[in-house]
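Student: Sequence unavailable; structure follows:
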Ligand code: SF4
């Protein structure tokens, strides 16, 4: 058996492309979704983050529930709302549950993808409850699945370097497993291109394989390339690497190897590998369809987290554009639900005709 970690890039890429082709054929999926980042207030202070604002500092604001509901109402055609924000010590636990209930009531057919394991950890602390109880309550309120963000690298030695106050790896694993066991599936992520080594990435993959083997709850794997332009960690690493351009090139080279490795090492257990046009740019995302990716991600409509770190690829992509890009890559676009169900009545392109598609109306 070949050692995938040592394969020449061309051979690795070709193997990943073939594996994706065998699993998914020409089809590349995407979801019509939107983000709603409801608070920028954050007490955690991750070195790689340009989004969070320390409480009491400039720009440290949280939205009211009515404001979030109104914002989501600007894109009534989306099938998913992804709710994530900073860790605002002044937000009550009720806020989170009321937000879910208000969105559920206003948009009953939208799938609510909320909250990150870090936010759930903070909710546990505020409520004095265990993750196993909190995820059941979130599901009862109307949450449909959770984002597997805040994973960064699931090795505490690395986490301490880039995000000292973040929940430990074991806590992330416990929350995600609890969510899966409560019937809430999640994505799985990795934040790469900073201080991690290939050994750390290998260990991270092993953790994800172990969790998936136990619960089967991951819907997809989403590699997230570090965006270095406007945050503390980026400035430090740029100094070390001889400038921002060199650092960006190093991150790009890492992405180029990591995606095919993810397809080949995780693909049997987590068949969906999602690219990120926000991190790689649209052309980079199109290129990554040759590196083993089979999902283009989503329309987003309100991308602010990556932009806050200096991301330069915009905050939204219309469904028409995503379909065009997938076709340009010689693939067949297919709109999906959050949980990778087939949308029964795929919309004829155009937002007006793109009606919400409840999870209940899909063939899973
Ligand atoms: S990544 Fe999340 S937890 Fe960390 S500082 Fe940014 S908003 Fe806060």
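Tutor: Looks like it came in fine. Computed from a predicted model, the values in this text were never measured in an experiment.

Student: any idea of the pLDDT on the residue in the stretch 51-200 of the chain positioned nearest to the ligand?
Tutor: Nearest residue of the stretch 51-200 of the chain to the ligand (Cβ to the nearest ligand atom) works out as residue 52 at 3.3 Å. C-betas here are computed from N, CA, C, even on glycine. Predicted confidence (pLDDT) for residue 52: 93.

Student: So residue 221 lies in a helix, does it not?
Tutor: No. Residue state for residue 221 (DSSP: H, G, I helix; E, B strand; the rest coil) corresponds to strand; a helix is not indicated.

Student: So it sits against residue 262, correct?
Tutor: Yes. Residue 221 lies in contact with residue 262 (Cβ atoms under 8 Å); the separation is 5.7 Å.

Student: ok so, going back, which residue is the nearest non-sequential neighbour of the residue of the stretch 51-200 of the chain closest to the ligand?
Tutor: Of all residues not flanking residue 52 in the chain, residue 42 sits nearest, at 3.0 Å (Cβ to Cβ, 6 or more residues apart in numbering).

Student: cool, residue 285 as well?
Tutor: That would be residue 277: by Cβ to Cβ, 6+ apart, it lies 4.0 Å from residue 285.

Student: quick one on the thing from earlier: could you verify my assumption that the residue of the stretch 51-200 of the chain closest to the ligand touches residue 46?
Tutor: Yes. Using Cβ under 8 Å, residue 52 is in contact with residue 46, at 7.0 Å.

Student: joint contacts of residue 221 and residue 262?
Tutor: residue 273 (Cβ atoms under 8 Å, 6 or more residues apart in numbering).

Student: which residues touch the closest residue to the ligand within the stretch 201-350 of the chain?
Tutor: Nearest residue of the stretch 201-350 of the chain to the ligand: residue 305, at 7.4 Å (Cβ to the nearest ligand atom). Residues near residue 305 by Cβ under 8 Å, 6+ apart: 35, 37, 49, 51, 84.

Student: can you tell me which two in those are farthest apart?
Tutor: 35 and 49 (15.4 Å; Cβ to Cβ).

Student: Which residues are in contact with the residue nearest to residue 163 when sequence neighbours are not counted?
Tutor: Nearest residue to residue 163 in three dimensions, chain neighbours excluded: residue 46, at 4.0 Å (Cβ to Cβ, 6+ apart). Residues counted as contacts of residue 46 (Cβ under 8 Å, 6+ apart) are 52, 162, 163, 165, 166.

Student: Using a markdown table, lay out those residues together with secondary structure.
Tutor: Below are the contacts of residue 46 laid out as a markdown table (three-state DSSP):
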| residue | secondary structure |
| --- | --- |
| 52 | coil |
| 162 | helix |
| 163 | coil |
| 165 | coil |
| 166 | coil |
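
Student: Of these - the most surrounded one?
Tutor: Highest neighbour count within the contacts of residue 46, by other Cβ atoms under 10 Å: residue 52, with 24 neighbours.

Student: Quick check: phi and psi at the closest residue to residue 195 other than its chain neighbours.
Tutor: Once flanking residues are discounted, residue 195 sits nearest to residue 161: 5.4 Å by Cβ to Cβ, 6+ apart. Dihedral pair for residue 161: phi -70, psi -40, per degrees, to the nearest 10.

Student: separation between residue 161 and residue 309?
Tutor: 17 Å (Cβ to Cβ, to the nearest Å).

Student: Compare residue 35 and residue 49 and say which is more crowded by neighbours.
Tutor: In this view residue 35 and residue 49 are compared by other Cβ under 10 Å, and residue 35 has more residues nearby, 27 against 21.

Student: Assign that one to helix, strand or coil.
Tutor: strand.

Student: what's near enough to touch it?
Tutor: Residue 35 touches 81, 82, 83, 84, 300, 301, 302, 303, 304, 305, counting by Cβ under 8 Å, 6+ apart.

Student: In the helix or strand encompassing residue 68, which residues are buried?
Tutor: In the assignment (DSSP states H and E), residue 68 maps to helix 65-72. Along helix 65-72, these residues count as buried under the neighbour rule (16 or more other Cβ atoms under 10 Å): 65, 68, 69, 71, 72.

Student: ok, the fourth one touching residue 302?
Tutor: Same thing as residue 71. Yes. Counting by Cβ under 8 Å, residue 302 is a contact partner of residue 71 at 7.2 Å.

Student: Need the overlap of contacts for the two.
Tutor: With Cβ under 8 Å, 6+ apart as the test, residue 71 and residue 302 both reach residue 36.

Student: Could you give the backbone dihedrals for residue 158?
Tutor: Dihedral angles (degrees, to the nearest 10) for residue 158: phi -80, psi -40.

Student: Flag every residue of the stretch 51-200 of the chain that's near the ligand.
Tutor: 51, 52, 86, 87, 118 (Cβ under 6 Å from any ligand atom).

Student: Count the residues that sit near the first one.
Tutor: Residues within reach of residue 51, counting by other Cβ under 10 Å, total 20.
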